[in-house]
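# below is the sequence, then the predicted model.
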Amino acid sequence: MNTQKLIHKLNAYERLMRLDKPIGILLLLWPTLWALLIAGQGKPDWIVVLIFVTGTVLMRSAGCVLNDIADSRFDRFVARTQDRPLATQEVSKKEAYLLAGVLAVTAFALVCMLNTFTIQLSVLALLLAASYPYTKRFLAVPQAYLGIAFGFGIPMAFAALMNYLPPICWVLLAANIFWAIAYDTEYAMIDRDDDVKLGLRSSAITFGRFDVLAVMLCYGLALLLLAIGGKWLLMGGAYFIGLAIAACTAIYHYSLIRSRQKTKCFQAFLGNNWFGFAIFAGLSAEYALRYFKMA
């Protein structure tokens, strides 16, 4: 294989793993970082944090490869996905399976540096990631399943730092499920017409003309659960300012998606990075202020 062909193949692998589109990594990473901050009381072990950040990149990449394998017979008929490497046959299914396996094994090797409970949960996390693409065939709102899969770093973070799953873990996971329904419905609104033709299911199809209302209700429920969790943890003003900024982000998304224009729906989807960051920043500021007062 000459240099030009090698570069083309590596570029195809990069696109297959969506490393050129890091928004998915961030949407996985923010809730994981929320949980690490809370479980570590503002001072999580940085080795554990590094393991989770690296593992998130690896597992999101593996999930994208598995998703494209599952959707390979549909992607060439959808405008947004027809240029994906499996759809264009730049990468074979055999290569894709091998790549997914290498990514998953590498991620598991990292998890093996943590405790037994976290290792056990990582097996369930892999099953969730591998099975999610198929839920679009039969679940009315597969985005709820995505919320569990994308939020499974939450229980794993608590398991790694506390070796058990406190009630706040489930509050955060529930909040993440509603957040995922909100942002992935924005994304699904782009593909609604193609999904209907192909017989696939999505929240955008299920919610129908109430899609915008459903998105905003899910944002509201996510923020309500995060506020309840903050009260439970005796969080102060910095945390709730973070939630307020996240709420403003959600309101801005309403101004984008109410017209249902595809480019604006995609812009709203991408903006969820700032929603997750605002909550992370609020948590970080809250713990920083606590330790500053103790100093």
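Right, received. Where do you want to start?

# quick check on residue 130: phi, psi?
The phi/psi pair for residue 130 (degrees, to the nearest 10) reads phi -70, psi -30.

# the closest residue to it other than its chain neighbours is in what secondary structure piece?
Of all residues not flanking residue 130 in the chain, residue 66 sits nearest, at 5.4 Å (CB to CB, 6 or more residues apart in numbering). In short, each C-beta sits where N, CA and C put it, glycine included. Per DSSP states H and E, residue 66 falls inside helix 46-70.

# where in the stretch 151-295 of the chain is pLDDT low?
Per-residue confidence for the stretch 151-295 of the chain (pLDDT under 70) gives these ranges: 295.

# tell me the contacts of residue 28?
56, 59-60, 150, 153 (CB atoms under 8 Å, 6 or more residues apart in numbering).

# what comes up buried for the helix holding residue 66?
48-49, 51-53, 55-70 (16 or more other CB atoms under 10 Å).

# just after the longest helix along the chain, pick out the following helix or strand.
Assignment by DSSP state H gives helix 167-198 as the longest helix of the chain. For helix 167-198, the succeeding helix or strand toward the C-terminus, using DSSP H and E, is helix 203-207.

# need the CA coordinates for that following helix. CSV is fine.
This file holds the C-alpha atoms of helix 203-207, laid out as CSV (Å, rounded to 0.1, in the frame of the first residue of the first chain):
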residue,chain,number,x,y,z
SER,A,203,-38.5,10.4,18.7
ALA,A,204,-38.9,13.0,16.0
ILE,A,205,-41.4,10.7,14.2
THR,A,206,-43.1,9.6,17.4
PHE,A,207,-43.6,13.1,18.8
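
# which residues touch it?
For helix 203-207, contacts defined as CB under 8 Å, 6+ apart pick out 140-144, 181, 184-185, 188-189, 191-192, 195-196, 211, 213-214.

# show me which of the residues you listed are buried.
With neighbours counted by 16+ other CB under 10 Å, these contain buried members at 141-144, 181, 184-185, 188-189, 191-192, 195, 211, 214.

# those helices in this structure, which residues are they?
3-16, 23-39, 46-70, 72-75, 93-111, 116-135, 142-150, 153-162, 167-198, 203-207, 211-232, 237-257, 262-270, 272-294.

# now those in CSV, please, with extra columns for distance to residue 87.
Converted to CSV, the helices of the chain look like this (distance: least, CB to CB, whole Å):
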stretch, distance to residue 87
helix 3-16, 10
helix 23-39, 18
helix 46-70, 8
helix 72-75, 4
helix 93-111, 11
helix 116-135, 14
helix 142-150, 20
helix 153-162, 29
helix 167-198, 13
helix 203-207, 21
helix 211-232, 27
helix 237-257, 27
helix 262-270, 19
helix 272-294, 26
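
# out of these, which gets nearest to residue 82?
Among the helices of the chain, the nearest to residue 82 by CB to CB is helix 72-75 (6.3 Å).

# how far does the closest one sit from the chain's center?
How far helix 72-75 lies from its chain's middle: 22 Å, per CA atoms, centre = their mean, to the nearest Å.

# now do the longest helix of the chain against helix 23-39, angle only.
Between helix 167-198 and helix 23-39, the angle comes out at 170 degrees (axes from the mean of the first three to the mean of the last three CA atoms, to 10 degrees).

# helix 167-198 vs helix 237-257, what angle?
10 degrees.

# let's have the buried ones among the contacts of helix 203-207 in a markdown table, adding distance to residue 82.
Output for those, formatted as a markdown table (distance: CB to CB, whole Å):
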| residue | distance to residue 82 |
| --- | --- |
| 141 | 25 |
| 142 | 21 |
| 143 | 23 |
| 144 | 27 |
| 181 | 26 |
| 184 | 20 |
| 185 | 22 |
| 188 | 17 |
| 189 | 19 |
| 191 | 12 |
| 192 | 17 |
| 195 | 14 |
| 211 | 24 |
| 214 | 28 |
